[in-house]
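1. make a model of this:
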Amino acid sequence: ELVAARAAGASAWTLALPGVVVAASTGVLLAAAFDPLAAWSNRTENAIESRLFAAEAAPTDGRTFWLRQAKPDAIVRARYARPSEAALYGASFFLFAPDGGLERRIDASIATLRKGAWSLADATTYRAGEPPAKAAHLDLPTEIDPVALVQGVAEPRLVSFWGLPAASAAAGAAGLDPRPYLARFAGLAATPLALVAVTLLAAMNSMTISRGGFPAWRLAHGVLATFVLYVALKVGADFARSGFIGAAYAASVPSAVGCLAGVQGLLRREDG
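-> As a prediction, this is how the structure comes out:
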């Protein structure tokens with residue numbers, strides 16, 4: 001059968017090529033077109049929910065929100081943030097002296113970031129050895145850009161593929177962790193490679209001489225191979241978000257290994 005297939009011009013590569021092209025094209029469309037649409041849908045959903053319930057989910061998924069600013073040197077803590085308004089609720093500002101010691105603490109019910117300053121409402125200032133000083137309104141200078149804060153606190157799933165690099169830079173400028181944005185961008189950019197790897201693994205395990213039948217172990221091998229690839233990509237993405245490995249490495253290496261395994265299997269099929 002192998003001799004007859006070669007004589008007829010059939011090849012594993014000619015059979016696998018259309019699937020590879022479709023997989024790569026689908027990956028490009030998913031990252032470049034579908035993901036921006038999904039991000040827009042998620043943002044619209046959050047906006048509608050915010051209008052209906054007068055609240056917006058915290059970017060930290062219910063955990064305390066932290067922010068570090070350089071000038072003046074301060075650490076900011078808030079119960080939650082509303083990105084669309086560049087506002088922090090239940091905010092506390094811990095300001096440090098030039099020698100590194102804590103100079104004062106300012107609590108505010110709402111802290112809204114304007115250009116060049118935080119606008120604090122219902123502020124209370126605490127200094128060592130002094131009674132608390134209350135103020136209905138207080139401005140605190142800052143170098144954080146409001147746009148950077150809005151982009152930096154948005155969940156990665158709410159940012160489109162094309163906006164992830166800018167969101168990562170904005171997060172770094174706002175003193176936040178840019179790694180989740182980098183990990184998501186690398187994962188979306190590597191989507192075509194991942195789909196090509198799945199296609200090659202499927203081709204490797206499905207192409208066989210008909211006279212030999214199609215044993216069940218071959219099907220199980222294909223399912224296991226794609227499952228291992230999926231787990232490797234997910235674990236790599238988690239490691240990239242945590243900073244253990246680079247985002248590009250985590251997103252591309254498992255798919256590249258899958259592609260090489262698929263090519264190696266097809267070469268063996270081609271040679272009988």
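2. just the C-alpha atoms of the strand or helix carrying Thr14, please, in CSV.
-> Following DSSP states H and E, the helix or strand that holds Thr14 is helix 12-29. What follows is helix 12-29, C-alpha atoms only, in CSV (Å, rounded to 0.1, in the frame of the first residue of the first chain):
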residue,chain,number,x,y,z
ALA,A,12,1.4,12.5,4.5
TRP,A,13,2.5,16.1,4.0
THR,A,14,-0.1,16.7,1.2
LEU,A,15,-2.8,15.3,3.4
ALA,A,16,-1.7,17.3,6.5
LEU,A,17,-1.0,20.6,4.8
PRO,A,18,-4.7,21.8,4.4
GLY,A,19,-5.3,21.1,8.0
VAL,A,20,-2.2,22.9,9.1
VAL,A,21,-3.1,26.0,6.9
VAL,A,22,-6.7,26.0,8.3
ALA,A,23,-5.4,25.7,11.9
ALA,A,24,-2.9,28.5,11.5
SER,A,25,-5.5,30.8,9.9
THR,A,26,-8.0,30.0,12.6
GLY,A,27,-5.4,30.9,15.3
VAL,A,28,-4.7,34.2,13.6
LEU,A,29,-8.4,35.0,13.5
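3. quick one: average pLDDT of it?
-> The pLDDT scores in helix 12-29 average 90.
4. give the other helices and strands that that helix contacts.
-> In terms of contacts (3 or more CB pairs under 8 Å, 6 or more residues apart in numbering; DSSP states H and E), helix 12-29 is packed against helix 191-206, helix 247-270. (Each C-beta comes from the backbone N, C-alpha and C, glycine too.)
5. closest to Thr142 out of those?
-> With CB to CB, the closest approach to Thr142 among these belongs to helix 247-270: 28.9 Å.
6. which residues does the most centrally placed residue in the chain contact?
-> Nearest residue to the geometric centre of the chain (CA atoms, centre = their mean): Arg184, 2.9 Å. By CB atoms under 8 Å, 6 or more residues apart in numbering, the contact set of Arg184 is 156-157, 159, 164, 237.
7. for those residues, work out which two are farthest apart.
-> Across the contacts of Arg184, the longest distance by CB to CB is 15.5 Å; it joins Val159 and Ala237.
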